[in-house]
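# This is a predicted model, with the sequence first.
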Amino acid sequence: MNVFDGRALADQVLAEAGEIIGARKLSLGVIVLGEDPVSANFIAQKEKRGAEIGIRTYRYPIDTSTRKLREQVADLVKKTKHDGFIVQLPLPEGINTQYALNAVPEDYDVDCLNQKSIGAFVVGRSKIMPPVVGAVKTLLENARVELSGKKIVLVGAGRLVGRPAALWLIAQDLPFTVLTYQSLDLSVIREADIIISGVGQPRLIRGDMIKDGAILIDAGTSSEAGRLVGDIDAASCQDKSGWLAAAPGGVGPLTVAHLFKNLAILAQ
């Protein structure tokens, strides 16, 4: 199994974006509610990159209401000089997630999660794409994969992975199948040429479930005994031919890189 080097690819994406960000002294505001171990990993990745190109994290109590969160976002946009903002997901239960995300203006929405941003992306009028879609696109281009004619399976239909990936495929008029954790059809998995998983279920997909030559993109992480674990059991896939973007370390760094690329694009 060939393994994608997500960090090396991320460095390539950041090379161009970093020049723009550095020259214009751009910065990113990250809004966080409470503590989530998986989110903490992505925040750490952003802060590590942000130490080089400008980032500040704003933390609020886990019991912050939707209304208060929207007010905080609006206040930060108005009073700070950041060029982009993200609201770190997942948000605590009780928060109206989409309503909160809509508080980030389109021109600052580097995550492409505001409803207007999503709409622009769907109809091909957006200057940016959701970071995870940028990451998936980079991986497939790196492996020189032609999507036409491939059997593509999305495992999960969440806001951060499955949904934007589905919208991207629809925009290209490419057929695909969506499976959920509860409806994982092994016969569909076994026939898949490309599997993109983002459900956050440890080692859900194993080597004995896939065919030789499959391209596996693991965009799902969960915490297990204090460790981050991906949806795909990388160890059991080693004897298969094909490509693997493992988690952690594959899609994650590349997604963060595309987030900063979006920052550079929106600021131009």
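Received the coordinates, thanks. Please read these numbers as outputs of a predicted model, since none were measured by experiment.

# show me what contacts Gly158?
By CB atoms under 8 Å, 6 or more residues apart in numbering, Gly158 lies in contact with Gly198, Val199. The C-beta positions use only the backbone N, C-alpha and C, and glycine is treated the same way.

# does it count as helix, strand or coil?
coil (DSSP: H, G, I helix; E, B strand; the rest coil).

# Quick check: mean pLDDT of the top helix by length along the chain?
The longest helix of the chain (DSSP state H) is helix 6-24. Average pLDDT, helix 6-24: 88.

# tell me which residues of that helix are tucked away?
Gly6, Leu9, Ala10, Val13, Leu14, Ala17, Gly18, Ile20, Ile21 (16 or more other CB atoms under 10 Å).

# what about the nearest residue to the first one once chain neighbours are set aside, how many residues close to it?
With CB to CB, 6 or more residues apart in numbering as the criterion, Gly6 has its nearest non-adjacent residue at 4.0 Å, and that residue is Gly250. In terms of burial, Gly250 registers 27 neighbours under the definition other CB atoms under 10 Å.

# any idea which helix or strand comes after the lowest-mean-pLDDT helix or strand in the chain?
Least confident helix or strand of the chain, by mean pLDDT, DSSP states H and E, is helix 37-53 with a mean of 65. Later in the chain than helix 37-53, the nearest helix or strand by DSSP states H and E is strand 55-60.

# Pull out the buried residues from the next helix or strand after that following strand.
The helix or strand immediately downstream of strand 55-60 is helix 66-79, counting by DSSP H and E. Neighbour counts using 16+ other CB under 10 Å place Leu69, Arg70, Gln72, Val73, Leu76, Val77 of helix 66-79 among the buried residues.

# Next up, the contacts around the first one.
Pointing back at Leu69 there. Ile31, Leu33, Tyr60, Val87, Leu91, Ile95, Ala100, Ala103.

# Ok, the fourth one next?
Taking CB under 8 Å, 6+ apart as the definition of contact, the neighbours of Val73 are Ile31, Phe85, Val87, Ala100, Ala103, Val104.

# mind redoing it with 10 Å?
Gly29, Ile31, Tyr58, Phe85, Val87, Ala100, Leu101, Asn102, Ala103, Val104, Pro105, Tyr108 (CB atoms under 10 Å, 6 or more residues apart in numbering).

# Okay then, goodbye and thanks.
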